[in-house]
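# Quick one, structure for this:
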Amino acid sequence: MDKAPEAFLTIGEMADRLGVKTHILRYWEEQFPMLKPLKRAGGRRLYRPSDVALLDQIQDLLSKQGYTIRGARAYLVKGGKPEMATSPVPASAIEAASAPAGDLVAMPASSPLVPELRAIRDRLAQALAVA
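Residues are numbered from 1 along each chain as shown. Now for the predicted structure:
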């Protein structure tokens, strides 16, 4: 039986909803200061509907749009307005490869390089998981 949309979710329910482990949610709480779930006696976390919406957005930024934690945090702090690259996409992709991970700007989702870069990211993640 599903809960009502306005119901609070436990950390386990939230982790299942996002498809991540609970330690990831606790880590995100450290990294995103705007994420503050309600904590009950004994430290049990309850996620309000506003927390759920924020976590959905964080999950989207990190896994679907390819933001780093630092980049996603900056995006959310600025009110959800990404910095757009001013140089042509191929040059920015080259610059992005040599820049520190936290200094990347958002690449437009319409860029023809995005699917190729995502495929590379997925292959790297699989290789690291095996190692």
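
# backbone phi and psi for L38, please?
phi -70, psi 130 (degrees, to the nearest 10).

# Can you tell me how far it is from P49?
Separation of L38 from P49 (C-beta to C-beta, to the nearest Å) stands at 11 Å. The way it works is simple: take the backbone N, C-alpha and C, and place the C-beta from them, glycine included.

# Now name the helix or strand holding R123.
Using DSSP states H and E, R123 falls within helix 113-130.

# quick check: mean pLDDT across that helix?
Per-residue pLDDT over helix 113-130 has a mean of 84.

# Which strands and helices lie in contact with it?
Under the contact criterion of 3 or more C-beta pairs under 8 Å, 6 or more residues apart in numbering; DSSP states H and E, helix 113-130 touches helix 89-98.

# What are the structural domain limits within the chain?
Under the assignment automatic domain parsing, the domains of the chain span 9-77, 89-130.

# that older thread, show me which residues of the helix holding R123 are buried.
Of all the residues in helix 113-130, those buried under the rule 16 or more other C-beta atoms under 10 Å are V114.

# dump the residue contacts of the residue most central in space within the chain.
A centroid search over the chain (C-alpha atoms, centre = their mean) returns L62, at 2.7 Å, as the residue closest to the centre. Applying C-beta atoms under 8 Å, 6 or more residues apart in numbering to L62 gives the contacts 68-69, 72.
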